[in-house]
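A.B. asks: I need the structure of the sequence given here:
(chains A, B, C and D)
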4 protein chains.
Amino acid sequence: MIGVWLVGAYGNVATTAVVGARAVARGLADTTGMVTARRPCTRLDLPAVGDLAFAGHDVRDTSLLETAHELSAGGVPSADVVDAVADDLERIDDGVRVGTAVNCGRAVADLADETLSAPEIGDVVAGIRDDYRSFVDGRDLDRLVVVNVASTEPGVERPERYDTLDAFERAVETNDRDLPASSLYAYAALREGHPYVNFTPSTGAALGGLCELAERKDLPNVGRDAKTGETLLKSALAPMFARRNLRVRSWEGHNILGNDDGLVLEEEENKAGKLASKGGVLEGILPDIEHNRVRIDYAPPLGDWKTAWDDVRFDGFLDTRMKLQFTWEGSDSALAAPLVLDLVRLVSHADEYGEGGFQPQLASFFKAPLGVDEHDFSRQFDLLERYVDHHAGEVAGDG
Amino acid sequence: MIGVWLVGAYGNVATTAVVGARAVARGLADTTGMVTARRPCTRLDLPAVGDLAFAGHDVRDTSLLETAHELSAGGVPSADVVDAVADDLERIDDGVRVGTAVNCGRAVADLADETLSAPEIGDVVAGIRDDYRSFVDGRDLDRLVVVNVASTEPGVERPERYDTLDAFERAVETNDRDLPASSLYAYAALREGHPYVNFTPSTGAALGGLCELAERKDLPNVGRDAKTGETLLKSALAPMFARRNLRVRSWEGHNILGNDDGLVLEEEENKAGKLASKGGVLEGILPDIEHNRVRIDYAPPLGDWKTAWDDVRFDGFLDTRMKLQFTWEGSDSALAAPLVLDLVRLVSHADEYGEGGFQPQLASFFKAPLGVDEHDFSRQFDLLERYVDHHAGEVAGDG
Amino acid sequence: MIGVWLVGAYGNVATTAVVGARAVARGLADTTGMVTARRPCTRLDLPAVGDLAFAGHDVRDTSLLETAHELSAGGVPSADVVDAVADDLERIDDGVRVGTAVNCGRAVADLADETLSAPEIGDVVAGIRDDYRSFVDGRDLDRLVVVNVASTEPGVERPERYDTLDAFERAVETNDRDLPASSLYAYAALREGHPYVNFTPSTGAALGGLCELAERKDLPNVGRDAKTGETLLKSALAPMFARRNLRVRSWEGHNILGNDDGLVLEEEENKAGKLASKGGVLEGILPDIEHNRVRIDYAPPLGDWKTAWDDVRFDGFLDTRMKLQFTWEGSDSALAAPLVLDLVRLVSHADEYGEGGFQPQLASFFKAPLGVDEHDFSRQFDLLERYVDHHAGEVAGDG
Amino acid sequence: MIGVWLVGAYGNVATTAVVGARAVARGLADTTGMVTARRPCTRLDLPAVGDLAFAGHDVRDTSLLETAHELSAGGVPSADVVDAVADDLERIDDGVRVGTAVNCGRAVADLADETLSAPEIGDVVAGIRDDYRSFVDGRDLDRLVVVNVASTEPGVERPERYDTLDAFERAVETNDRDLPASSLYAYAALREGHPYVNFTPSTGAALGGLCELAERKDLPNVGRDAKTGETLLKSALAPMFARRNLRVRSWEGHNILGNDDGLVLEEEENKAGKLASKGGVLEGILPDIEHNRVRIDYAPPLGDWKTAWDDVRFDGFLDTRMKLQFTWEGSDSALAAPLVLDLVRLVSHADEYGEGGFQPQLASFFKAPLGVDEHDFSRQFDLLERYVDHHAGEVAGDG
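C.D. replies: Below you'll find the model as predicted:
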């Protein structure tokens, strides 16, 4: 049994991932949208979706079941599926603990009903570690993967001050009130010997000190901000322009969405981090681009249905001005949730096979992968294929 | 000096290619849009754009200069550039010969002012060979590449009857009136020892008998129908859906354009071939797609500005219905012309290095590449990179 | 009690109209989408939605409840609403009779399970009249409105041969096998003294002979082909271009849909009539337009969700080329159904107040209104406002 | 001869208006895009375009000819037209005076090369009046219309403090440094007896005190912020939703443009005024809309080509969620310029016929018309038709 600890357990992404995992396990849903359910990943001996045990942290006074019902009103998942896994959700709800919202910004604070607070940061860390430990011991888990799917935090100022493990730990000890929640969850996980996956643009384990810790403890450390929609398209399309030597002059992206993520991103401080990781993809692939802006706007009537409109102007032969415009519309949660399960399965595999530190083979999942400077989606996917080729020899047969 | 023989020399694509080549040679335009002007191809010792000598066939009573002026009124190329290369164009016009329009359909026949006609097909072939030979001899060329950029012909019925070189040559000898112009041009080229590049969906050298001839004569033989716009996007985007295990249910494409190509494609017989090669790309990458239709409609006010609108419906996790829609707008000729120059340079290189038969490294240029069953644009481009890696060792240094 | 006879009773539009009417009557749905539920029409004494009694004809062996369940799977109406009105639907199902599919084309014939057939056209008419009469008598109705919501028929050739009532009736008597079903239903209705509303592009009561009959019997006679989506937009947008003196050069419309209507329209013969009424709107408002084409394509995965993409090119000051593109996506049935109820209410009102013949006040509902040559949506709506002003004086008070 | 005083004479809109007027006068361009060039306005005896004499204010050290060349590089107007009217432009350049940029914000200050400055606001006003007077006297004009086409200013705080003419004049006398340039130009115009047209969202003559002055002097006073693109579409489309009782839930608009207007609007203070007038249109027509946001972003590669993308979500019958999305792309200046000429001609007409105060017949030209609370474009246009009906009787004949 593999444990999955969801930071932000009552959020849309976590809830959809849990509902989906239980629906797949019960044969009520197929695995469409899960990268690990098709070649090449089916050649690996990954943990079965049915063997994942869920728990997590949240700061709101609600439940997975309640969030599932709300999501269902918006169309996904269907009411039938929610009903069929309702008992599972209630059982998992029992394992959700009160989390911390330290340095998550005003918008998250407004959403929080109760938080894990303590006079000292060190006590907060200790509390988180206790929560992880109780889950692992109580369920006798083989392994735990901590996944951050909480709302985006504001970025950390001068992150270089936490560039070494020493500096980070000194900050904890001296009760440095600038450390963000995501990094505390990450630190607690790594200290306990569990890999930490940052599905969001928050800081998490990207601080130098935590990269050092993961390296030392031989634990996988991946990127941040999962690539689910508009940026995924960018990373598939931008290389096409580059290869054809078409000069992209501007790429304007406008996203509208109406869920809590959108509400939190209305706050400029939370939005800044998100836009940084979204913007970086294009600069990596199209270094000569003149103008590149991403907007994310909150439009409540859209609910979980995120819509992106992108306008791309490029020059071709003989200074010809041409353009591409696209509209992408998807359920934010339904795009993200299967990738949560994919990352848990693949990080668990890496952990089992002793692949510590950065994980370049997971680059295709992230807007800001760690330890690999490649944003071209197909090149990133090549890294996954090579990883599978390498490891598939170790197992008998080939799914 | 490398000769470039343009079948359809007075068309928009040919004219833009020639204007562009001369403008680049004279330092009046940069090489944006030319794949061979950037890495990896800059590592090859390709013929310089300024070392290309142009001539060709056409069936209309006009000139490169006249077409260039018409194109210029629509915006591309600019009047300044056309003026600057006007003398070059007039010199090239002197080398354009009357072509054949046999089996090109009613729409092309309507456009034709005069055609190379003869009682016997064998005489038509002989006439074409004479035209090639005069150009090579008259200009003392090192090499000739024949490129078909004429309007799309109707498809050949039962092409398997020309599956062997014997069958093809017997058809020529017995004056088989079903052979299409594109295949006659191809046959004449190969017989003369020149590679033939089919930039269009017409039959050309794709007949089994002509593949056999190219193979025997050790001449490069590439695919058909250059991938310039909507299909290029499909081949970049469809693999993204496949890799993410998102189930594409329908992909509806609607193209509108207003140039002569659009006029010819109003004829159902000419359109059929075009749609076949466009449609095949998706089926190759997304074998489970339920519905896949491409429309091409003639809308005169758009002129050379082709606009594609695509609607893609796909299912994600938990049966979530999502969609992507895009609008692509570009000058048909400005997208195609630099690829004509690229293909001439790369085919000339292959010919020089004795790479006969199919050319998988050029797959990324075609909707229907020959000899390689890969439609994923980035995978196709990998083949080009591998070719360059292989050949770049043979040259000193690296551009 | 006002009777509503639905020709095509088991179709999506009819079913959605009935489900909606019963849901409104039971207070389960609001009246969003019904023109008559807001000003100015609320000033008229229209029959209440709850006072409408439904019956009809169909040629398929299914039921309103079955169609409602199928529609519900596509999202609209919701399963809850269908369940709540299931008893009502079953009661209405008892009143649906076998209809005729004469001259409805091959696609409709393929869909038909059984049809009202008779050796003589006169007998078919007699059978339809019997069906109407049984319903009126059996339910003791104050009035009956017949509404054609069946699939689009192929157009009638040389419709001028039926330009007088005499000619039409002679055709019935001499068993003319060219008369289409829609005109037989219309003739039967008018002969029985009931107004006939043609919601589709089929011929219906637009023949000269039937216009004459409606006039003589002082029965309202409206247009054909309800304006629900793309054409509605055209009739709102095209006048804007005209008033601003912007010269529209081309307007290309591409519609994709996946319901039975789409399937029937795959047949060229059925599609022709549809495109004629759609195209006419623009020519009326923008007489100088150069190019104007409408495509309707069947794409099964879209189901009832019709998506239109329109590309409009126009010239402004100093020959500036500009453009508008729009994508409209709606449930075909949910757009149409409330207009069915509106037309029943408004035609019933006109009938009650002795307003026979053409009904210009209803022009805004139709792509091809009868008796009024106005396609500008806001000008058409002015006619409705004027009608209400005229009639609202006749009632006490003002809703 | 009618004088046209352009505040912002070297801007894109002014330059395009002047180039266009001269091109029309010389028979080099047609009147496409001019509302007054078609019915109903052709029935009025409006001043001929060739009878307009231009001059104006600007704060940059450039010229109409220079701006015209820059615009021409972007495509509109064509180089041929600019060359043909170059002499006219140079003659007009001689009449352009240094303007004031008081309270126009930092972005405009950055663009300014020199400004009309004086220690006292009263002196600035006096300087502007002198400029107007010299032009009228020097050219012996029958009438002068002052048109503000300068960059958008930040809004005035607490505008109600200038609600009476007394209050406004006291502010001028006491050297109130909060008065914006646009209102000083307006005050100077009205005091001199000239109507003032505010083509921009700036404050201008919308202050209560200036409305009072226009009323007293019997001078026409129109709205502000000409309706040229996205908002024009909104005012044509939103009434369609209302009339069909479709409930618009959100309308998100995203505009990108790359000219100086876009640069100035990057400043939040300048943008605020713009967004207020753009947003108001929808609230007027769709009072129940839940969410309504307009973005304007600067994207230099687009130049004068403004592109708007709008996403409209609406509910129909039975809670069906539907949507409309549109992309509008036009040259900002080519859309605006003919309306400048229209407004000059129509305001001149009103002035000649003694129609002082608010001008409801011009509502269709403005995002924020003065004195009329109607945003529906077709209703606004009805007011113009009624005005023409009223006045056309006064002239002999009918164009």
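
A.B. asks: C-alpha from now on. contacts and neighbour counts both.
C.D. replies: Fine.

A.B. asks: Assign a three-state SS to A:Thr31, would you?
C.D. replies: At A:Thr31 the chain is in coil, as set by DSSP: H, G, I helix; E, B strand; the rest coil.

A.B. asks: Based on its surroundings, how many neighbours for it?
C.D. replies: Counted with other CA atoms under 10 Å in any protein chain shown, residues neighbouring A:Thr31 total 23.

A.B. asks: how about the residue nearest the centre of chain A, what does it touch?
C.D. replies: Using CA atoms, centre = their mean, the residue of chain A that lies closest to the mean C-alpha position is A:Phe199, 1.1 Å off. Neighbouring residues of A:Phe199 by CA atoms under 8 Å, 6 or more residues apart in numbering or on different chains: A:Val147, A:Asn148, A:Val149, A:Arg224, A:Asp225, A:Ala226, A:Val340, A:Phe366.

A.B. asks: The first one: what's it in contact with?
C.D. replies: Same thing as A:Val147. With contact taken as CA under 8 Å, 6+ apart, A:Val147 is in contact with A:Val4, A:Trp5, A:Leu6, A:Val7, A:Tyr196, A:Val197, A:Asn198, A:Phe199, A:Val340, A:Val344.

A.B. asks: Try it again at 10 Å.
C.D. replies: Counting by CA atoms under 10 Å, 6 or more residues apart in numbering or on different chains, A:Val147 makes contact with A:4-9, A:14, A:56, A:185-186, A:189, A:195-200, A:340-341, A:343-344.

A.B. asks: my read: A:Arg97 touches A:Asp58, true?
C.D. replies: Yes. Using CA atoms under 10 Å, A:Arg97 is in contact with A:Asp58, at 6.5 Å.

A.B. asks: Who has more neighbours out of these two?
C.D. replies: Neighbour totals were compared for A:Arg97 and A:Asp58, and A:Asp58 leads with 25 against 19 (other CA under 10 Å).

A.B. asks: phi, psi of that one?
C.D. replies: Torsion angles at A:Asp58 (phi, psi; degrees, to the nearest 10) stand at phi -160, psi 160.

A.B. asks: Can you lay out the contacts of A:Phe199 as a markdown table showing secondary structure and pLDDT?
C.D. replies: Formatted as a markdown table, the contacts of A:Phe199 follow (DSSP: H, G, I helix; E, B strand; the rest coil; pLDDT from 0 to 100):
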| residue | secondary structure | pLDDT |
| --- | --- | --- |
| A:Val147 | strand | 98 |
| A:Asn148 | strand | 97 |
| A:Val149 | coil | 97 |
| A:Arg224 | strand | 92 |
| A:Asp225 | strand | 93 |
| A:Ala226 | strand | 95 |
| A:Val340 | helix | 98 |
| A:Phe366 | strand | 96 |
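
A.B. asks: Common neighbours of A:Arg97 and A:Asp58, please.
C.D. replies: With CA under 10 Å, 6+ apart as the test, A:Arg97 and A:Asp58 both reach A:Val7, A:Ala9, A:Thr115, A:Leu116.

A.B. asks: is it possible to export the contacts of A:Phe199 to JSON lines including distance to A:Ala68?
C.D. replies: Converted to JSON lines, these look like this (distance: CA to CA, whole Å):
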{"residue": "A:Val147", "distance to A:Ala68": "19"}
{"residue": "A:Asn148", "distance to A:Ala68": "19"}
{"residue": "A:Val149", "distance to A:Ala68": "16"}
{"residue": "A:Arg224", "distance to A:Ala68": "25"}
{"residue": "A:Asp225", "distance to A:Ala68": "23"}
{"residue": "A:Ala226", "distance to A:Ala68": "21"}
{"residue": "A:Val340", "distance to A:Ala68": "17"}
{"residue": "A:Phe366", "distance to A:Ala68": "26"}
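
A.B. asks: and which of the residues you listed is nearest to chain B?
C.D. replies: Nearest to chain B among the contacts of A:Phe199: A:Val340, at 11.7 Å, using CA to the nearest CA.

A.B. asks: Going by neighbour count, which of the shared contacts of A:Arg97 and A:Asp58 comes out on top?
C.D. replies: When neighbours are taken as other CA under 10 Å, the top entry among the shared contacts of A:Arg97 and A:Asp58 is A:Ala9 (33 neighbours).

A.B. asks: That residue belongs to a strand?
C.D. replies: No. Looking at A:Ala9 with three-state DSSP, it is coil, so not inside a strand.

A.B. asks: I'd assumed A:Val146 was in contact with it.
C.D. replies: No. With contact defined as CA under 10 Å, A:Ala9 does not count as touching A:Val146 (11.1 Å).

A.B. asks: Overlap of the contact sets of the two?
C.D. replies: In contact with both A:Ala9 and A:Val146: A:Ala55, A:Gly56, using CA under 10 Å, 6+ apart.

A.B. asks: tell me, how many neighbours does A:Glu269 end up with?
C.D. replies: Neighbourhood size, A:Glu269 [other CA under 10 Å]: 18.

A.B. asks: In a strand, it, correct?
C.D. replies: No. Assessed with three-state DSSP, A:Glu269 is helix; it does not lie in a strand.

A.B. asks: tell me the contacts of it?
C.D. replies: A:Glu269 sits next to A:Cys104, A:Gly105, A:Arg106, A:Ala107, A:Thr152, A:Glu153, A:Pro154, A:Gly155 when contact means CA under 10 Å, 6+ apart.

A.B. asks: make it 6 Å
C.D. replies: With contact taken as CA atoms under 6 Å, 6 or more residues apart in numbering or on different chains, A:Glu269 is in contact with A:Pro154.
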